[in-house]
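>>> Mind folding the following:
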Amino acid sequence: MKAQKQSWILAIIIGAQFCCTSLWFAGNAVTDNLLQHFNLNTEALGNMSSAVQFGFIAGSFVFAVLTLSDRYSPSRIFCISAFFGALCNLGLLLASNTMFSLLAFRFFTGLSLAGIYPVGMKIAADHFEKGLGKSLSFLIAALVLGTAFPYFIQSFNVNISWETVIWATSSLATFGGLLILFFVPNGPYQKLANQFEVSKIFKVFKNSSFRSAAFGYFGHMWELYAFWTFVPALLVLHQKFQNVELNIPLYAFLIIASGSLSCILGGFISNRIGVKKTAVLALSLSGLCCLLSPLFIIFTPTAVFLSFVVLWSMAVIADSPLFSTLVAKNCDAQSIGTALTIVNCLGYSITIISIQLLNLLILNSEWAPYAFVILALGPVIGLFHLRQKPFIPHQNQNKSLGKIPNAK
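Numbers count the residues shown, from 1 in each chain. Prediction:
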């Protein structure tokens, strides 16, 4: 009976995460329409993506400094954040928008996501004493689908207006917030902190195993969001060299969404060979794809190119739940929310640099086919740090999170 109840709770958390994270790339999916409707310049895609990341960073920093998800009900925080994000997303529809106001609305949408993505992982950790790694793999798979979903809405060959995409994603976010509020109570393994402790931010990094996991995650983040942001540009580049016509929104959805399968698959593989080994394997594969990207963009037939990009998309996200598991496993129970949030904050700060750098290179037509090679820097740095220290979980963590099989 308990297992059945847990399965339902996990399903609801996954559903809510999918609904709410559809806000993340809602602006990206309709960027061309926004360009035309509000007379924006061609740099809008990179700037609007960075605005969301800046908002997420700012929100994560506030959540971490105030240790909110460790002191208050994470379900209520999730719901409030979802409502706020839905309203900010609807702000894109205002007829009086300028580039500044559009960036502001995307910034505050990112701010709201800081109360959704890491807080959703905290909710999962509060409900699952054992099998946290597998639970987080399903949760981040929902994030991937939510991120890709706006492209799916836009891909239909019918007259769906860009305003419909915005209304749909805001409605989904509202629904997701209500799901968590009414159907996911505070978890049985939740341990609320008694007081505000800003020192937690610094304490967690004193653990060498935690630092190793965190820096592996930072390398992963250098690549992930820059890749996701410019998947449409990747497809356009291939169109140019192979002289073919592609349904860009549909293929962007399929490519990004394929990562949800690898998140789940990575969770099962990690049960057999270990969390760290699986993360290293995924990070190595995605780094290799970065290096090979010019070859596939320029020279290979479309079917081979699409297969390669799907493989890349699966590798680039497969290690995300594994790093979150390692981060959660290597801090005490009362600091999990703060640890996940501050690591997310720093990781998303890194994405600003890689997105802007890739944006600059892609705008330069001479360098555009080779631009994605720069993303290999992240996996290289991540792999370097993952090999520095073994992961040695503390005894009190095993009691709070349960044993994650073969985390080495």
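
>>> Where does the prediction get shaky in the stretch 1-150 of the chain?
1-6, 45, 69, 129-133 (pLDDT under 70).

>>> where exactly do the helices run in it?
2-21, 26-29, 31-37, 44-65, 68-71, 74-90, 99-113, 117-127, 132-155 (DSSP state H, counting those that start in this stretch).

>>> Kindly reformat those as TSV containing distance to residue 255 and mean neighbour count.
Backbone N, C-alpha and C define where each C-beta goes, glycine included. Shown next, in TSV, are the helices of the stretch 1-150 of the chain (distance: least, CB to CB, whole Å; neighbours: other CB atoms under 10 Å):
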stretch	distance to residue 255	mean neighbour count
helix 2-21	17	19
helix 26-29	13	27
helix 31-37	17	16
helix 44-65	16	23
helix 68-71	32	24
helix 74-90	23	23
helix 99-113	22	22
helix 117-127	21	27
helix 132-155	8	24
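
>>> between these, which one is nearest to residue 358?
helix 44-65 (7.7 Å; CB to CB).

>>> For the closest one, C-alpha coordinates in CSV please.
In CSV, the C-alpha atoms belonging to helix 44-65 read as follows (Å, rounded to 0.1, in the frame of the first residue of the first chain):
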residue,chain,number,x,y,z
ALA,A,44,17.0,38.3,-29.3
LEU,A,45,17.2,34.5,-29.0
GLY,A,46,20.5,34.5,-27.0
ASN,A,47,19.4,37.5,-24.9
MET,A,48,16.0,36.1,-24.0
SER,A,49,17.5,32.7,-23.1
SER,A,50,20.1,34.5,-21.0
ALA,A,51,17.4,36.6,-19.3
VAL,A,52,15.7,33.4,-18.1
GLN,A,53,19.0,32.0,-16.9
PHE,A,54,19.8,35.3,-15.0
GLY,A,55,16.4,35.1,-13.4
PHE,A,56,16.9,31.5,-12.3
ILE,A,57,20.3,32.4,-10.9
ALA,A,58,19.0,35.3,-8.9
GLY,A,59,16.1,33.3,-7.6
SER,A,60,18.3,30.3,-6.7
PHE,A,61,20.7,32.7,-4.9
VAL,A,62,17.8,34.1,-2.8
PHE,A,63,16.4,30.7,-2.1
ALA,A,64,19.8,29.4,-1.0
VAL,A,65,20.8,32.4,1.1
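
>>> Can you spell out which helices and strands pack onto it?
helix 26-29, helix 31-37, helix 99-113, helix 117-127, helix 208-229, helix 336-363 (3 or more CB pairs under 8 Å, 6 or more residues apart in numbering; DSSP states H and E).

>>> go again using 7 Å as the cut-off
helix 26-29, helix 31-37, helix 99-113, helix 336-363 (3 or more CB pairs under 7 Å, 6 or more residues apart in numbering; DSSP states H and E).

>>> Reformat these as TSV; add distance to residue 236.
Shown next, in TSV, are the helices and strands packed on helix 44-65 (distance: least, CB to CB, whole Å):
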stretch	distance to residue 236
helix 26-29	14
helix 31-37	11
helix 99-113	22
helix 336-363	9
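
>>> Out of those helices, flag the one nearest residue 70.
Comparing the helices and strands packed on helix 44-65 by CB to CB, helix 336-363 comes nearest, at 4.2 Å.

>>> mind listing what's buried in that closest one?
Of all the residues in helix 336-363, those buried under the rule 16 or more other CB atoms under 10 Å are 336-352, 354-359, 361-362.

>>> Which strands or helices does that helix pack on?
Looks like helix 336-363 contacts helix 44-65, helix 68-71, helix 117-127, helix 200-203, helix 208-229, helix 320-329 (3+ CB pairs under 7 Å, 6+ apart).

>>> Specify the stretch among those that is closest to residue 373.
Using CB to CB, the helices and strands packed on helix 336-363 put helix 208-229 closest to residue 373, at 11.1 Å.

>>> so residue 246, which of the three states?
What DSSP: H, G, I helix; E, B strand; the rest coil gives for residue 246 is coil.

>>> picking that back up, okay if I get the helices of the stretch 1-150 of the chain as a markdown table plus distance to residue 377?
Shown next, in a markdown table, are these (distance: least, CB to CB, whole Å):
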| stretch | distance to residue 377 |
| --- | --- |
| helix 2-21 | 26 |
| helix 26-29 | 23 |
| helix 31-37 | 26 |
| helix 44-65 | 18 |
| helix 68-71 | 31 |
| helix 74-90 | 31 |
| helix 99-113 | 24 |
| helix 117-127 | 24 |
| helix 132-155 | 23 |
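
>>> And those: which comes nearest residue 230?
Among the helices of the stretch 1-150 of the chain, if distance is taken as CB to CB, the winner is helix 44-65, at 8.1 Å.

>>> Show residues contacting the closest one.
The contact list for helix 44-65 (CB atoms under 7 Å, 6 or more residues apart in numbering) reads 24, 27-28, 31, 34-35, 69, 102-103, 106-111, 113-115, 118, 198, 201, 225, 229, 338, 341-342, 344-345, 348-349, 351-352, 355-356, 359.

>>> Give me the angle between it and helix 117-127.
Here the directions of helix 44-65 and helix 117-127 differ by 40 degrees (axes from the mean of the first three to the mean of the last three CA atoms, to 10 degrees).
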